[in-house]
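Engineer: coordinates only, sequence not included:
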C-alpha cells in the first residue's frame, strides 16, 4: 500500500510539471530574450526540436548585447549604465551560454555598470 502511494504521488508530480517546450513557449511570450535564451541553453537537450526558436532568441539576445556595448563607443570613456534587473538577466545569460560568455564577459564587466 505504501509503495503504491509513493508511486502515485511521484507520477502525479511528474505529470504536473510543464514540458520544456511549453515552458519555452511561455517564456517567449512573456519574458526577455535573455531569459528565454538562458532557458534554451540550460535545457538544450530537451529542446532539440525547438532549435530554430532557441537560435533566434539567442541571436536576438546577442544583438541586444551588441547594441548596449556599441553605446560605449558613443560615450567615450564613460561606462554604459544598464538597468540592474536587465543587467542581471544578461549576466546570467553570459554565464550559462559559454560561447557568448567567452566573447562578451570581460568586455561587459569592464564597460557596464548596473543601476
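Structural biologist: Now that the structure is in, tell me what you want to look at. Since we're looking at a predicted model, the values are computed, not measured.
Engineer: just the strands in the protein please.
Structural biologist: 80-82, 112-114 (DSSP state E).
Engineer: mean neighbour count, the ones you listed: which tops it?
Structural biologist: Neighbour counts (mean count of other Cβ atoms under 10 Å) averaged over each of the strands of the chain peak at strand 80-82, with a mean of 17. Using the backbone N, CA and C atoms, a C-beta is placed for each residue, glycine as well.
Engineer: list the contacts of that strand.
Structural biologist: 68-69, 71-72, 90, 111-115 (Cβ atoms under 8 Å, 6 or more residues apart in numbering).
Engineer: what comes up buried for stretch 35-44?
Structural biologist: Going by neighbour count (16 or more other Cβ atoms under 10 Å), the buried part of stretch 35-44 is 35-41, 43.
Engineer: equivalent analysis for stretch 70-88, please.
Structural biologist: 72, 80, 82, 87.
Engineer: wait, what's in contact with the residue most central in space within the chain?
Structural biologist: The chain has residue 38 as the residue nearest its centroid, 2.1 Å off, counting by Cα atoms, centre = their mean. By Cβ under 8 Å, 6+ apart, the contact set of residue 38 is 89, 92-93, 96-97.
Engineer: what do you get if the cut-off is 7 Å, keeping everything else the same?
Structural biologist: Counting by Cβ atoms under 7 Å, 6 or more residues apart in numbering, residue 38 touches 92-93, 96.
Engineer: what's the most distant pair in the contacts of strand 80-82?
Structural biologist: Greatest spatial distance in those: 69 and 115, 16.7 Å, computed using Cβ to Cβ.
Engineer: residue 102 is nearest to which of the strands of the chain?
Structural biologist: Smallest distance to residue 102 across the strands of the chain (Cβ to Cβ): 17.0 Å, for strand 112-114.
Engineer: roughly how far is the closest one from the heart of the chain?
Structural biologist: 18 Å (Cα atoms, centre = their mean, to the nearest Å).
Engineer: that one - contacts with which helices or strands?
Structural biologist: Other elements packing on strand 112-114 under the criterion 3 or more Cβ pairs under 7 Å, 6 or more residues apart in numbering; DSSP states H and E are strand 80-82, helix 84-96.
Engineer: coming back round to it: adding pLDDT, write the contacts of strand 80-82 out as a markdown table.
Structural biologist: Below are those laid out as a markdown table (pLDDT from 0 to 100):
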| residue | pLDDT |
| --- | --- |
| 68 | 94 |
| 69 | 92 |
| 71 | 88 |
| 72 | 81 |
| 90 | 97 |
| 111 | 92 |
| 112 | 93 |
| 113 | 93 |
| 114 | 95 |
| 115 | 94 |
